[in-house]
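Visitor: Here is my input; please provide its structure:
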Amino acid sequence: MDSPVSKTVLVIDDDRDIREVAKVTLELVGGFTVLTAESGSRGLLVAQEAKPDAIILDLMMPEMDGQQTLAQLKSNPGTAYIPVIMLTAKVTRKQDIVRSGSAAGVLLKPFDPMQLSRQVCEILGWGLSAKGEGVGDSAER
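Guide: Residues are numbered from 1 along each chain as shown. Next up is the predicted model:
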């Protein structure tokens, strides 16, 4: 498995706090390079330009929600191959998303920041980096 140290993840969420927590956690704990976007439309542009290795996408956003954003990502040959992990606070929606097979996986809000890197790696089948080993031990980070 590839080490996530060389992986880039795009976080698309309209909530600035969620974006920042995910960015800091994925960078410091997981060793990822993290890009962020505040909307589905902005996320589509960043994904097209940056070609991240994975996308974490909020389901509930104004204007263009996560399902619409996912559909556009998957219909574009330039981004269709990028695995997308949906982020939602609605447990019932998680089951629907998993059944649809359109996303690589689903994470529930609120998420545990110290477990986020491990969860992303598990969903995508990526090995953990040296930073990701002992995810709960952040004393030296």
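Visitor: how about the strands in the chain?
Guide: Secondary structure of the chain (DSSP state E): strands located at 8-12, 33-37, 54-58, 84-88, 105-108.
Visitor: I'd like those as JSON lines, with mean pLDDT and distance to V21 appended.
Guide: No exception for glycine: its C-beta is placed from N, CA and C like everyone else's. Listed next are these as JSON lines, based on pLDDT from 0 to 100; distance: least, C-beta to C-beta, whole Å:
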{"stretch": "strand 8-12", "mean pLDDT": "98", "distance to V21": "9"}
{"stretch": "strand 33-37", "mean pLDDT": "98", "distance to V21": "11"}
{"stretch": "strand 54-58", "mean pLDDT": "97", "distance to V21": "12"}
{"stretch": "strand 84-88", "mean pLDDT": "93", "distance to V21": "11"}
{"stretch": "strand 105-108", "mean pLDDT": "90", "distance to V21": "12"}
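Visitor: any chance of these in TSV, with distance to Q115 and mean neighbour count too?
Guide: Shown next, in TSV, are the strands of the chain (distance: least, C-beta to C-beta, whole Å; neighbours: other C-beta atoms under 10 Å):
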stretch	distance to Q115	mean neighbour count
strand 8-12	15	24
strand 33-37	16	19
strand 54-58	14	26
strand 84-88	13	22
strand 105-108	10	18
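Visitor: So, low pLDDT: which residues of the protein?
Guide: Within the chain, the segments meeting pLDDT under 70 span 1-5, 91-101, 128-141.
Visitor: Find the centremost residue of it, please.
Guide: Ranked by distance to the mean C-alpha position of the chain (C-alpha atoms, centre = their mean), the top residue is I56 at 1.9 Å.
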